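Q: Fold the following.
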Amino acid sequence: MIPYGRQHISQQDIDAVIEVLQSDFLTQGPAVPAFEQRLCELTTAAQAVAVNSATSALHIACLALGVGPGSRVWTSPISFVASANCARYCGATVDFVDVEPDTGNMAIDKLRQKLEQARSSDTLPQVVIPVHLAGASCDMQQIHYLANEFDFKIIEDASHAVGASYQDEPVGCCRYSDITVFSFHPVKIITTAEGGAALTNSAELAEKMRLLRSHGISRDESLMSEPSHGAWYYQQLLLGLNYRMTDLQAALGLSQSQRLLPIIQKRQLLAAHYQRLLTTLPVGIPEPEAFNISAWHLYIIRLHDKTKRKAVFDGLRDAGIGVNVHYIPIHTQPYYQQLGFDWGDFPVAEDFYERIISLPIFPELTGEQQQFIAEKLAELVK
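A: Predicted coordinates for the structure are as follows:
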């Protein structure tokens, strides 16, 4: 089976993890700060906070921005459920903004329309979480303009977009957001096995997220309510969580990050080859906007005839091609239906979902495998 995504572990990666295994620190050692510094270098963000998953990063990002009971958070319905769940963990109300039909990213016109309606009913969101589907950034400058006009904070869910660029700057620089979240799950651009990070240009937000990831505990005497009792002393300053990344994970991520540029370049070549192979087929081919350089985490095609989706999907799987669908609209999940959402609420997202198939894309995918995938797809769609 050709998987839709797969990690690549080099001998350098293995050696980096072994070095940590043989060191004095398996966790809370020097590897995590080194990985965080590397993320800052790659993105130009001032601060990075590494955690055990992107879901955890989204959660502490919401908490750091003051999301809680009574807050409203909006995100995209075309994403993994974590993009919405992070706000629910805080007790907030979640809503969604419909997407663009070609990219699946948050639609700016729909966002403005919804914001204007919310202003008239005094139900504006405190936070909006745009999702960079498949590795291509949303139009963050336009979302930032709206944030200034309607007074909300922005968390970029860039789980798919490590190594991507927007307006010639790296995704994660936080020029147009308060916090950006990355994922390092094995099928993502680079991996720490499981893991994530929250990046920001705010020292205050970074400090709060560092507290939140480790039980709310600090040894910084300047933050304490009384003088330190000694070198052993710490204080719990707020109710935090255990979301720490281990040094083993950080060492793997640090090693993988050294290959980020060639990984992105290979994914770009694979995407360009797919475009050549599929251009005559009755499918919509992903084409990021001019302001984007996609990380190509996913290669999502859209069938012109959505009634064929299941047959095409099953036929590709039967041929040993591990296609997938990204994603089932969050608002249609039973949990969110219990909160009052239903099919029909976000029609563009639902139509997008009913047409899409994610084809395999990962650096070790060969041209011969792509040719085979294209031929099987052609048989099934024609």
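Q: rest of the way, CA atoms for contacts and neighbours
A: Noted.
Q: tell me the domain ranges of the chain?
A: Recorded structural domains for the chain (assignment: automatic domain parsing) are 2-257, 260-381.
Q: Tabulate these (a markdown table), appending mean pLDDT.
A: Output for the domains of the chain, formatted as a markdown table (pLDDT from 0 to 100):
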| stretch | mean pLDDT |
| --- | --- |
| domain 2-257 | 98 |
| domain 260-381 | 97 |
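Q: a markdown table for those, including mean neighbour count?
A: A markdown table is the format used below for the domains of the chain (neighbours: other Cα atoms under 10 Å):
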| stretch | mean neighbour count |
| --- | --- |
| domain 2-257 | 20 |
| domain 260-381 | 18 |
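Q: Please name the residues that touch residue 305.
A: 282, 355 (Cα atoms under 8 Å, 6 or more residues apart in numbering).
Q: Need the three-state assignment for the residue nearest to the spatial centre of the chain.
A: Of all residues in the chain, the one closest to the mean position by Cα atoms, centre = their mean is residue 159, 1.7 Å from it. Secondary structure, DSSP: H, G, I helix; E, B strand; the rest coil: residue 159 is coil.
Q: Pretty sure it sits against residue 55.
A: No: the criterion here is Cα atoms under 8 Å, and residue 159 misses it with residue 55 at 9.4 Å.
Q: how much space between residue 262 and residue 66?
A: 38 Å (Cα to Cα, to the nearest Å).
Q: Could you say which helix or strand holds residue 255?
A: helix 247-257 (DSSP states H and E).
Q: tell me the contacts of the most far-flung residue of the chain relative to its centre?
A: Here the centre of the chain is the reference, and by Cα atoms, centre = their mean the most remote residue is residue 229, at 41.8 Å. By Cα under 8 Å, 6+ apart, residue 229 lies in contact with nothing.
Q: Quick one: classify it as helix, strand or coil.
A: Assignment for residue 229 (three-state DSSP): coil.
Q: Tell me the backbone dihedrals of the residue lying closest to residue 342 once chain neighbours are set aside, please.
A: Among residues not flanking residue 342 along the chain, residue 332 sits closest, at 5.6 Å (Cα to Cα, 6 or more residues apart in numbering). Note on residue 332: backbone dihedrals following degrees, to the nearest 10 are phi -90, psi 0.
Q: and what of the one 10 residues further on?
A: The phi and psi values for residue 342, taken as degrees, to the nearest 10, are phi -160, psi 170.
Q: thinking again about what came up before, by contact count, what packs against the helix holding residue 255?
A: helix 11-21, helix 31-43 (3 or more Cα pairs under 8 Å, 6 or more residues apart in numbering; DSSP states H and E).
Q: before we move on, the earlier item: where does the residue nearest to the centre of the chain sit relative to residue 178, distance-wise?
A: Taken as Cα to Cα, the span from residue 159 to residue 178 is 16 Å.
Q: Same question for residue 103.
A: 23 Å.
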